[in-house]
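Trainee: prediction below, plus the sequence it came from.
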Amino acid sequence: MNRPPDLLIPVAFDEPPDALRAELRRRLGIDAYLQRREAFQVGPEGLHCEYYHHGDAAPLLLFLPGIGTYVELYAELLGRISAAGYNVAAVDLRGHGYSAGERGAYTVAQTVCDLERVISALQPRSNGKVGVYGYSIGAMLAVALAEADSRVDAVLCSTLLLTELPPDIVHQLGWYWTWGTAQLFPSLTVPLRGFMDFDTLLAGHPAGDLINDDPLVVFDYPLSTLASLFTHRAAVVSQRFGFRAAILQGDRDDVLSLEYGQRVVEKLTHPFELIPLPGEGHMIPWDNPRGLSEQVARWFASNLP
């Protein structure tokens with residue numbers, strides 16, 4: 001269901017930032033990109049949106065970040081994509097980053113409604129075309145949005161996890177445990193580091209240690225959130241839709257392998273293109289934002305009709 005437009009409430013960032021944030025931005029090299037962003041609060045839930053405007057004749061691209069993270073950390077990637085010809089709207093999910101709400105608490109259904117509001121609010125500042133780019137867990141949410149909202153013309157995923165296709169038996173058993181325990185203790189929090197090794201994933205990156213210490217990153221999730229994510233069923237498994245779709249998959253990804261990406265594409269009824277990225281791992285938005293932005297801009301240039 002398409003939502004009516006919501007008022008965009010401008011957000012001003014306090015400057016100068018605290019010492020940790022200033023150093024994190026410096027190590028990420030994002031200060032120049034942040035000068036281009038507009039920040040808004042969208043809707044009564046206090047949803048935080050950062051917007052990079054290219055021009056009213058450009059398409060709108062909605063960006064959804066990976067698990068635990070928030071959109072400021074992706075400023076170089078977002079700024080580069082915008083400079084290639086897109087109005088980029090990036091959203092901190094409820095309880096993440098600068099958005100309001102209980103830390104880490106959201107459902108897939110709530111998120112789809114929130115994102116529909118963002119499209120309604122910002123689509124008038126574009127040429128009417130809408131693309132969605134989701135990174136990691138954001139890819140699952142991007143597909144859910146496209147299934148629900150016919151305004152979405154194209155979806156690009158940096159990896160795509162399907163709960164209908166567990167990567168292995170360990171994941172499957174973990175999802176069963178999460179769902180069952182969430183029925184009894186929905187507010188019980190689970191440390192994200194228990195199933196993702198951020199220290200290893202960010203090893204060697206100059207900002208890796210600061211990201212791991214960033215108070216705006218969610219490292220402990222309510223079981224209710226994880227249960228919503230890991231019981232979500234994607235309609236693209238059994239149905240075709242009107243949007244175009246693709247998966248970007250690094251061949252050195254140690255979270256979801258290229259082989260898993262191939263299995264996903266084979267399982268889907270809705271056609272997805274699989275685009276291998278030679279030499280790239282899971283953390284490509286920070287490891288190679290220039291190369292990733294070029295891939296994203298190139299794909300949307302061919303697939304936003």
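Mentor: Great, that's in hand. As the structure is a computational prediction, the values presented were derived from the model and not from experiment.
Trainee: how far away is Tyr98 from Leu8?
Mentor: Tyr98 sits 15 Å away from Leu8, going by C-beta to C-beta, to the nearest Å. Backbone N, C-alpha and C define where each C-beta goes, glycine included.
Trainee: and stretch 105-114, how far out from the chain middle?
Mentor: Centroid displacement of stretch 105-114 relative to its chain, using C-alpha atoms, centre = their mean, to the nearest Å, is 13 Å.
Trainee: where does pLDDT dip in the chain?
Mentor: Under the criterion pLDDT under 70, the flagged ranges of the chain are 1-7, 14, 194-195, 305.
Trainee: how about the helices of it, start to end?
Mentor: 19-28, 31-34, 75-83, 108-122, 137-148, 169-184, 198-201, 208-213, 223-230, 258-267, 284-287, 289-303 (DSSP state H).
Trainee: to Ala90, which of those lies closest?
Mentor: Closest approach to Ala90 among the helices of the chain (C-beta to C-beta): helix 75-83, 5.4 Å.
Trainee: coming back round to it: could you dump the helices of the chain to a markdown table with mean neighbour count and distance to Arg94?
Mentor: Listed next are the helices of the chain as a markdown table, based on neighbours: other C-beta atoms under 10 Å; distance: least, C-beta to C-beta, whole Å:
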| stretch | mean neighbour count | distance to Arg94 |
| --- | --- | --- |
| helix 19-28 | 15 | 21 |
| helix 31-34 | 16 | 23 |
| helix 75-83 | 24 | 20 |
| helix 108-122 | 20 | 7 |
| helix 137-148 | 24 | 12 |
| helix 169-184 | 14 | 17 |
| helix 198-201 | 14 | 22 |
| helix 208-213 | 16 | 21 |
| helix 223-230 | 22 | 9 |
| helix 258-267 | 17 | 27 |
| helix 284-287 | 20 | 21 |
| helix 289-303 | 17 | 25 |
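Trainee: mind checking which of these is nearest Gln41?
Mentor: Closest among the helices of the chain, using C-beta to C-beta: helix 108-122, at 10.4 Å.
Trainee: what residues are up against Gly104?
Mentor: Gly68, Gly95, His96, Thr189, Val218, Asp220, Tyr221, Pro222, Thr225 (C-beta atoms under 8 Å, 6 or more residues apart in numbering).
Trainee: isn't the fifth one up against Asp92?
Mentor: The reference is to Val218. No: assessed by C-beta atoms under 8 Å, Val218 is found out of contact with Asp92, at 10.3 Å.
Trainee: relative to Pro166, how far out is Pro186?
Mentor: 22 Å.
Trainee: who's more crowded, those two?
Mentor: A direct count of neighbours by other C-beta atoms under 10 Å for Pro186 and Pro166 places Pro166 higher, at 17 against 14.
Trainee: the contacts of Gly104: which two are farthest apart?
Mentor: Greatest spatial distance among these (C-beta to C-beta): His96 and Thr189, at 14.3 Å.
Trainee: neighbour-wise, which of the two wins?
Mentor: Ranked by neighbour count (other C-beta under 10 Å), His96 and Thr189 place His96 first, with 24 against 18.
Trainee: list the contacts for the more buried one?
Mentor: His96 is in contact with Pro65, Gly68, Thr69, Tyr70, Arg103, Gly104, Tyr106, Leu216, Val218, counting by C-beta under 8 Å, 6+ apart.
Trainee: rerun that using 6 Å as the cut-off
Mentor: By C-beta atoms under 6 Å, 6 or more residues apart in numbering, the contact list for His96 reads Tyr70, Val218.
Trainee: over to His270?
Mentor: So His270 contacts Val236, Arg240, Phe241 (C-beta under 6 Å, 6+ apart).
Trainee: narrow those to those that are buried.
Mentor: By neighbour count, with 16 or more other C-beta atoms under 10 Å, the contacts of His270 hold Val236, Phe241 as buried.
Trainee: got the contacts of His270 as a markdown table, with distance to Val152 columns?
Mentor: Compiled in a markdown table, these are given as follows (distance: C-beta to C-beta, whole Å):
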| residue | distance to Val152 |
| --- | --- |
| Val236 | 12 |
| Arg240 | 14 |
| Phe241 | 9 |
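Trainee: closest one of the contacts of His270 to Leu304?
Mentor: Ranked by distance to Leu304 (C-beta to C-beta), these are led by Phe241 at 15.3 Å.
Trainee: phi and psi next, for the residue nearest to that closest one when sequence neighbours are not counted.
Mentor: Closest residue in space to Phe241, ignoring its immediate chain neighbours: His270 at 5.6 Å, by C-beta to C-beta, 6 or more residues apart in numbering. Here is the backbone geometry of His270 (degrees, to the nearest 10): phi -70, psi 130.
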